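1. Could you look at this predicted model? Sequence included:
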Amino acid sequence: MFYREAGQFKASYAEDARIFPIRQDRIGFWVLMLVLGVAVPLFSNEYWLKAILIPVLIFSLAALGLNILTGYAGQLSLGSAAFMAVGAFAAYNFMLRIDGMPFLLALVLAGLTSAGVGILFGLPSLRIKGFYLAVATLAAQFFIVWALVKFPWFSNNSSSGVVTAQAVTILGYTFESPEAKYVLTFLIVAFMALLAKNMVRSSTGRAWMAVRDMDVAAQVIGFRLMRTKLLAFAVSSFYCGVAGALYAYTYIGTVEPEGFNLDLSFKILFMIIIGGVGSIMGSFLGAAFIVLLPILLDNVVPALFGDALGAGFVSNFQLIIFGGLIIFFLIVEPHGLARLWQIAKEKLRLWPFPH
Amino acid sequence: MQFFIEVLIGGLLSGVMYALVALGFVLIYKASGVFNFAQGAMVFFAALTFVGFQEVLPGWLGLEAGSNTVFWLAFLLAFIAMIVLGVATERIVLRPLVNQPHITLFMATIGLTYLVEGVAQMVWGANVRGLDLGIVDEPIAWLMDNYEIGVSKFDLFAAGVAASLVALLALLFQYTKVGRALRAVADDHQAALSIGIPLQTIWRVVWAVAGFVALVAGMIWGARNGVQFALTFTALKALPVLILGGFTSVPGAIIGGLIIGASEKLAEVYVGPYVGGGIEGWFPYMLALAFLLVRPEGLFGEKHIDRV
């Protein structure tokens, strides 16, 4: 009833190329942006900002990066956490070693560093495909984390390998309160998501999808495989790197290489699978789901069973629920939450008169 | 030279243990095209179930703790548990996901990993346990005296077990009806279905066999390092072996295991000191990666032909 596109005509190419072709979507989108960007920091409490909203945004960005690589370009990667680590430590070192380094520039440089490393580890993708490639990306995961631990230069010779992120200052304003950090993260993530959306809608994205669907055929019709695949690795690592830097600077504050372990890589992979492979929206939904689920379980499981069963039981129970839910989701909706959202929209267009 | 040989033999023998885990992967991948990440968790689950039964059986049945009866009964029960796990996996996880892309199935097995780890620890507890197979982990005296090369009896035993397991599997594949059906399914699902091979039964059999392999691997790894959560990481040791040997080849798993085991130990000893050590974690992956650049389908994997 409220979600009809009748009477909305596209009178120019610019209107045809819009991200949200339906007016209701546009209104909904801007309302959402206002709520997330203005209302949330004004009315939310510290716990929500620090423990839920900021990590959701940051992991969305990382998931977005992996989704570009896996969902759009079809190259399965199990090393996203390592690229986050590269971003985090690169940002730290740029801030540390160059006087008066602007934070945003450090962020971009961190992303670029990560992109460079990504291209390096993406090179095998020109020869290797499928699960062989997935296992090969594990080499990146283990090697990068090992290198960050083994060479103390990266962590400025800190004995434990733990680094503390410097204060974030932009144009003289220091982002200290959770609200300020949230707004900063939100703006960066929103900007990069817009960039990603436009990238996958353009010829770049179409090239990626052609390679994903069948790389030999794509090559035959004139896509340059090397360029396309390596670009996907670079862009993906750039996003993961920026996410890693934000992880260090606006979320955790102190990071160590071992924090970016294989588990985190798997988590990011779960995010895109549950959210929807090959969907920008899905990256956000999946990240929200994976970040919120353990928090929910933390609160619900002890309440259900009491403390009598002990912490070991609770953590095992969480493992079981987590694993079970992932399997359940895969079986029920293999295309992820993004598809559910799409189906809901289709239904809404007809509701309440289905003819 | 003696040191070199000692390291080499030690590496080869530990490679056999990697191969044991990789074998489970290969079996399932061949038959159902599923890259079963849960193999490591299955190794953990199997070992934990075995040790758990060994602990509780004497109390339940009034048997003498540590006797042979208890050992074999526990082994049997753990095997049954693995069969149940395999059949349940086929029924609950794989069957609804038929025809989904490989990555979805792969993700499902990662979910399964969490599930199995959680169940195993919930049932049997999370503390580290010892597992005694009655073989001492000490160098063979004769080799030590005559050539001054230390080769652990235990490692040799493990290699023997692995060899007999592979021989057993080869016989099973080559000479039984089930084995023929397994090979047919591995070759071509649809052709196998069309001549009346029950795909789902075959999958169940394969998962049960993989469970058996996991049990053997779990017992050997468990006897070596204790039965603990770290057993699940054996999967990570097996992955480079897999890509080196090829996902679909049983001999590939063995030879890949030997290459990875030997080169990993040699690299740790001879290269490790120059870069600060601890390279065992990533060296096998790098080696496998470098190898894949030359042969993208692994040593014995099926050659991948692209058709447009």
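-> Everything's here; your move. Numbering: from 1, shown residues only, chains lettered A, B, ... in the order given.

2. what's the offset of the host helix or strand of A:Ala82 from the middle of its chain?
-> In the assignment (DSSP states H and E), A:Ala82 maps to helix A:80-97. Mean-position distance between helix A:80-97 and its chain equals 16 Å (Cα atoms, centre = their mean, to the nearest Å).

3. again with stretch A:210-225
-> Relative to its parent chain, stretch A:210-225 has a centroid offset of 26 Å by Cα atoms, centre = their mean.

4. what does stretch A:227-242 give?
-> Worked out by Cα atoms, centre = their mean, stretch A:227-242 lies 13 Å from the chain centre.

5. in which helix or strand would I find B:Leu115?
-> Assessed by DSSP H and E, B:Leu115 sits inside helix B:102-124.

6. in chain A, what secondary structure element scores lowest on mean pLDDT?
-> Across the helices and strands of chain A, mean pLDDT, DSSP states H and E gives its lowest value to strand A:168-170, namely a mean of 79.

7. C-terminal to the helix holding A:Ala82, what's the next element?
-> Proceeding N to C from helix A:80-97, the next assigned helix or strand is helix A:103-122, under DSSP H and E.

8. Helices of the stretch 101-250 of chain A, start to end?
-> Here the stretch 101-250 of chain A has its helices, by DSSP state H, counting those that start in this stretch, at A:103-122, A:130-150, A:178-201, A:203-213, A:215-220, A:225-246.

9. where does the chain have low pLDDT?
-> No chain specified, so I'll use chain A. A:1, A:305-311, A:354-355 (pLDDT under 70).

10. Can you look at chain B instead?
-> B:65-66, B:134-151, B:276-277, B:301-302, B:304, B:306, B:308.

11. need the longest helix for it.
-> Looking across chain B with DSSP state H, the single longest helix is helix B:2-32.

12. quick one, that one and helix B:102-124 angle?
-> Using axes from the mean of the first three to the mean of the last three Cα atoms, to 10 degrees, the inter-axis angle of helix B:2-32 relative to helix B:102-124 is 110 degrees.

13. Mind giving me the packing neighbours of helix B:2-32?
-> On a contact count with 3 or more Cβ pairs under 8 Å, 6 or more residues apart in numbering or on different chains; DSSP states H and E, helix B:2-32 meets helix B:39-61, helix B:153-175, helix B:177-187, helix B:199-225, helix B:234-245, helix B:250-270. Every residue, glycine included, has its C-beta placed from N, CA and C.

14. So which residues on the stretch 151-300 of chain A come close to chain B?
-> Taking Cβ under 8 Å from any Cβ of the partner chain, the part of the stretch 151-300 of chain A that reaches chain B is made up of A:Phe151, A:Met214, A:Asp215, A:Val216, A:Ala217, A:Val220, A:Leu262, A:Phe266, A:Leu269, A:Phe270, A:Ile273, A:Val277.

15. Determine which two of those are furthest apart.
-> Across those, no pair lies farther apart than A:Phe151 and A:Val220, at 44.0 Å, counting by Cβ to Cβ.

16. Show me which of these two is the more surrounded one.
-> The neighbour count for A:Phe151 versus A:Val220, taken as other Cβ atoms under 10 Å in any protein chain shown, is higher for A:Phe151 (13 against 10).

17. From A:Leu120, how far out is that one?
-> To A:Leu120, A:Phe151 is 17 Å away according to Cβ to Cβ, to the nearest Å.

18. swap in B:Lys30?
-> Distance, B:Lys30 to A:Leu120, by Cβ to Cβ: 33 Å.

19. more neighbours, the two?
-> B:Lys30 (21 against 13).

20. how about the nearest residue to that one, chain neighbours excluded?
-> Spatial nearest neighbour of B:Lys30, excluding adjacent residues (Cβ to Cβ, 6 or more residues apart in numbering or on different chains): B:Ala186 at 4.2 Å.

21. which residues sit in contact with residue 114?
-> If you meant another chain, say so; for now it's chain A. A:Ser114 sits next to A:Phe83, A:Met84, A:Val86, A:Gly87, A:Ala90, A:Ser237, A:Phe238, A:Cys240, A:Gly241, A:Val242, A:Gly244 when contact means Cβ atoms under 8 Å, 6 or more residues apart in numbering or on different chains.

22. wrong one, I was asking about chain B
-> So B:Tyr114 contacts A:Leu319, A:Ile320, A:Phe322, A:Gly323, A:Ile326, B:Ala41 (Cβ under 8 Å, 6+ apart).
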